[in-house]
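Engineer: What follows is a protein structure lacking sequence information:
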Ligand SMILES: Nc1nc2c(ncn2[C@@H]2O[C@H](COP(=O)(O)OP(=O)(O)OP(=O)(O)O)[C@@H](O)[C@H]2O)c(=O)[nH]1
């Protein structure tokens with residue numbers, strides 16, 4: 001069983017819990033307790049693999065949060081970064097999070113491979129009071145090697161499910177690439193050792 005760890009991050013009230021709960025239960029509840037953080041577990045089968053998915057939904061009150069962003073960056077294999085299309089400040093928050101995830105120091109200290117990141121503009125049902133354009137979200141994602149979508153946790157159950165599946169597939173692709181690099185790395189190291197010592201032995 002493969003473990004997949006996903007952190008859902010974003011500004012306060014952007015719909016992190018709504019998206020997570022929608023994915024896990026297919027329901028939209030409307031109001032969620034925001035004074036505690038949760039790690040949810042879900043078993044799923046994807047691309048023929050059994051996965052043990054853990055989703056971290058943080059607490060908006062920093063003093064009550066167990067994780068700091070640094071520990072989330074170490075913990076997670078991938079991120080869903082949420083902003084609210086009707087709230088420009090939440091887009092600025094999402095941007096700052098993406099920069100933090102992508103900064104070279106962070107990717108060094110975390111894993112060799114880049115994390116899968118999906119930027120999501122939530123509350124698309126509020127497009128009549130939109131403050132962030134679709135193109136802006138798309139550009140931020142493209143510039144920072146993220147996937148992107150806009151949706152509504154309130155109205156689109158299937159789209160929410162597809163969004164989570166997309167980022168999980170991204171995580172699986174990254175881990176496959178990592179495996180490939182590791183095995184080709186050890187093969188080429190073996191080849192190198194063989195070449196050096198093999199040649200030496202011949203010349204003695
Ligand atoms: N119109 C609309 N409202 C939404 C949508 N998703 C969430 N909300 C509402 O936005 C508010 C915040 O949702 P939450 O899921 O609690 O957001 P959160 O990011 O987890 O909030 P904190 O944990 O407090 O940061 C709630 O009133 C939700 O009902 C959506 O797609 N459309």
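Structural biologist: Done, it's in. No experiment lies behind these values; they were computed from the predicted model shown.
Engineer: For the helix or strand where residue 140 lies, name the packing helices and strands.
Structural biologist: If you go by DSSP states H and E, residue 140 is part of helix 134-143. Secondary-structure packing of helix 134-143 (3 or more CB pairs under 8 Å, 6 or more residues apart in numbering; DSSP states H and E): helix 88-102, strand 116-122, strand 147-150. Every C-beta, even on glycine, is put in place using the N, C-alpha and C of the backbone.
Engineer: can I get these in a markdown table with mean neighbour count, distance to residue 59 and mean pLDDT?
Structural biologist: Listed next are these as a markdown table, based on neighbours: other CB atoms under 10 Å; distance: least, CB to CB, whole Å; pLDDT from 0 to 100:
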| stretch | mean neighbour count | distance to residue 59 | mean pLDDT |
| --- | --- | --- | --- |
| helix 88-102 | 18 | 15 | 94 |
| strand 116-122 | 27 | 18 | 97 |
| strand 147-150 | 20 | 25 | 98 |
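Engineer: what would the ones you listed look like in CSV with distance to the ligand?
Structural biologist: Shown next, in CSV, are the helices and strands packed on helix 134-143 (distance: least, CB to the nearest ligand atom, whole Å):
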stretch, distance to the ligand
helix 88-102, 9
strand 116-122, 5
strand 147-150, 10
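Engineer: all helices of the protein, in order?
Structural biologist: 16-25, 69-75, 88-102, 104-109, 134-143, 157-203 (DSSP state H).
Engineer: among the ones you listed, where is the model least confident on average?
Structural biologist: Of all the helices of the chain, mean pLDDT reaches its minimum on helix 104-109 (a mean of 58).
Engineer: and the nearest residue to residue 102 once chain neighbours are set aside, how far is that from residue 17?
Structural biologist: Nearest residue to residue 102, sequence neighbours excluded (CB to CB, 6 or more residues apart in numbering): residue 144, at 5.3 Å. Applying CB to CB, to the nearest Å, the value for residue 144 to residue 17 is 24 Å.
Engineer: same deal with residue 71?
Structural biologist: Taking CB to CB as the measure, residue 71 falls 20 Å from residue 17.
Engineer: do residue 139 as well
Structural biologist: Note on residue 139: its distance to residue 17, by CB to CB, is 27 Å.
Engineer: Would you mind listing what in this protein touches the ligand?
Structural biologist: Within the chain, the positions near the ligand by CB under 6 Å from any ligand atom are 10, 12-18, 30-32, 34, 60, 122-123, 125-126, 152-154.
Engineer: picking that back up, who has more neighbours out of residue 144 and residue 17?
Structural biologist: residue 17 (22 against 16; other CB atoms under 10 Å).
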